[in-house]
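Novice: mind looking at a prediction? Sequence and model below.
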Amino acid sequence: MFEKEQQIIEAKIREFCSQNDIPLAELKWTSIPFSGEWGMSTSFFATAAHEARSGKKIQVPQRAQEITEQIKVQIGRVDGISRIEAVKGYLNLYFSTPEYARRVVDEVLASGADFGRGAAKNERVMVEYAQPNTHHSFHIGHYRNTILGESLARLVEFAGFDTIRASYPGDIGLGVITILWAYDRFYKSQEPSGIHERGQWLLKIYVEATAMLEPKENETPEEKTKREAYDAERREMYRKWDAGDKYVRDLWLKTREWSLEELRDILRILDVKMDVWFFESEVDEPAKEIVEELIQKGIADDERPQGGAVIVKIDEKLGLKKEKYRTNIILRSDGTTLYLTKDLALAKVKFEQYHVDRSIYVVDVRQSMHLQQAFAILKLWGFKQAEKCYHLGYGFVSLPEGAMSARRGRVVLFKDVMDEAIRRVLAVESEKSPEMSEDERMKVAHQIGLGAMAYSMLSVDNSRDMIFEMDNALSFDGRTGPYIQNAYVRANSILKRSNVQTLQRSNVDFSYELDPHEIEVIEKISQFPDVVQQAANEYRPMVMANYAYDLANAFHSFYHAVPVLQSENEEIRLARLRLVAAAKQVIANALRLLDIQAPEVM
Ligand code: ARG
């Protein structure tokens, strides 16, 4: 906000230090929260400590204060800065309050949807998420993954990083083959019509097949024979898939497409636009080549001649004394690859074909060990970006009714929860706003229902398990999506009622006595750019979720306490209308980073 003043002051500080041979440390600025006025602050302890280390006999705190005082004198007067203080090694600069308020509001309104966007960082980040296994339907856990990944991608992108969104569906493995086998055996050429019905139907087949293939208690000899025969058929199908058998491959592609159609539809609903699609099946062959290379380089041990597998003794190769990553198989004795092997091949593609500097994996916390092992092998293999691989884990989602289990067919489908959320919002809306048109009501119900779900996922610590409670999520009070959306709607309705044409005028004066609620809103708005950077750097959409709530909360309080349309005079009215417009803009920007829409009415 005060870059220009900051630059002038930094230049003066540098000049002073070089004239006096003072080894200036990096200048870090923090903002001073409102206490009668706003300000920003930096300190000279690190600089004094530099001097001390270079052999000068000095007391760091005293010396820091001495430097600060001298710098204060050197700076003298700067336009836009109302006063300067040198206290205990800190240089505090204060702004005139009306000037600060005006600048914040002007900058928000001038930048609009771009307010808070960070400068381009010249670093490419890939975020991998929304990568469920195919031949299943999309459940509420996949939704948590997707919303977390999308919010993170939006944050990273807005913070200034070149961002690539990637998906990596698990489209092959024994689970997939199990479904293929059962489909082919018992349901051949049947096909439910709806996009979302097929996924659920495949899941039903999976559950049935799993039951058939699992040994039962008190199994009769006939049952046992039958089960073993089924299992042999399934394995034969896997072998055929591996050998590229046309019939099996076609069947596989056709059924895979059903799941992908559903996935694409859900991504469309959630406004997620993937840049790259990787598939597990596509990295299977490349993974086998990597195994050879790792053997050549002495990173992997080939124990096949002794009837074993190809393994990597990660701890030993990294020279670790304590057990950390353990020893891992990367190729089975029958020559098939593992999930881990494929992740090595995937990382190679990410680094070499997409030239990413950093790679974030949004994956269930239960796969934490798996990913740490993959990253460790990449490091052994010599990828310098291996250190820049990051696992963003997330916990289990359950409903108050209980936990899910795909194998048992107990899953909570995202689509069902979404439909229910929308239905409930519609019921409320019909009562509250009977004048709304049918179309508009449906649109708003979508925005609120989905907003409620997204916020409930993003506002809890990602690594924790959570229980999704529909009624809490949909509430208009408390830490919810609708509460924040409602702040946006209120701001919007004030502006609509104002009929002001001149809102674009920028030099509106805030030199009246600001109400504490106005100050709170201005302060919150001014923090937004820093919150973007923090949330992106810490990979924590929750930081943005909390901020959005705080901002909405400040706005609701302002709305109740401070007259806008009925302000004392025209100048104050105009200033407050501009503040309302700025608040509306920042709420919209924050919501967008959470992948939540801002409804015009509700
Ligand atoms: N498809 C996997 C699953 O549903 C998640 C993939 C995670 N990403 C990865 N690179 N391993 O469990």
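Specialist: That came through fine.
Novice: export the helix or strand where R239 lies as CSV, just CAs?
Specialist: Using DSSP states H and E, R239 sits within helix 221-242. This file holds the C-alpha atoms of helix 221-242, laid out as CSV (Å, rounded to 0.1, in the frame of the first residue of the first chain):
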residue,chain,number,x,y,z
PRO,A,221,-15.9,-77.2,-0.1
GLU,A,222,-18.1,-76.3,-3.1
GLU,A,223,-18.1,-72.6,-2.1
LYS,A,224,-14.4,-72.7,-1.8
THR,A,225,-13.9,-74.2,-5.2
LYS,A,226,-16.1,-71.6,-6.8
ARG,A,227,-14.4,-68.8,-5.0
GLU,A,228,-11.0,-70.0,-6.1
ALA,A,229,-12.2,-70.4,-9.7
TYR,A,230,-13.4,-66.8,-9.6
ASP,A,231,-10.1,-65.6,-8.3
ALA,A,232,-8.3,-67.4,-11.0
GLU,A,233,-10.5,-65.8,-13.6
ARG,A,234,-9.8,-62.4,-12.2
ARG,A,235,-6.0,-63.0,-12.2
GLU,A,236,-6.2,-64.2,-15.7
MET,A,237,-7.9,-61.0,-16.7
TYR,A,238,-5.2,-58.9,-15.1
ARG,A,239,-2.6,-60.9,-17.0
LYS,A,240,-4.5,-60.2,-20.2
TRP,A,241,-4.7,-56.5,-19.4
ASP,A,242,-1.0,-56.5,-18.9
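Novice: now tell me what touches stretch 297-311 from outside.
Specialist: With contact meaning C-beta atoms under 8 Å, 6 or more residues apart in numbering, stretch 297-311 is reached by 291, 294-295, 312-313, 317, 327-333, 377, 380-381. Bear in mind the C-beta positions are built from the backbone N, C-alpha and C, glycine included.
Novice: out of the residues you listed, which is nearest to the ligand?
Specialist: Lowest distance from the ligand to these (C-beta to the nearest ligand atom) belongs to I377, with 13.1 Å.
Novice: ok, back up a step: let me see the mean pLDDT of the helix holding R239.
Specialist: Here helix 221-242 scores 95 as its mean pLDDT.
Novice: what comes up buried for that helix?
Specialist: 227, 230, 234, 237-238, 240-241 (16 or more other C-beta atoms under 10 Å).
Novice: can you narrow those residues to ones near the ligand?
Specialist: Filtering the buried residues of helix 221-242 for proximity to the ligand (criterion: C-beta under 6 Å from any ligand atom) leaves nothing.
Novice: can you redo these as JSON lines with distance to C17?
Specialist: Formatted as JSON lines, these follow (distance: C-beta to C-beta, whole Å):
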{"residue": "R227", "distance to C17": "80"}
{"residue": "Y230", "distance to C17": "79"}
{"residue": "R234", "distance to C17": "74"}
{"residue": "M237", "distance to C17": "74"}
{"residue": "Y238", "distance to C17": "70"}
{"residue": "K240", "distance to C17": "74"}
{"residue": "W241", "distance to C17": "69"}
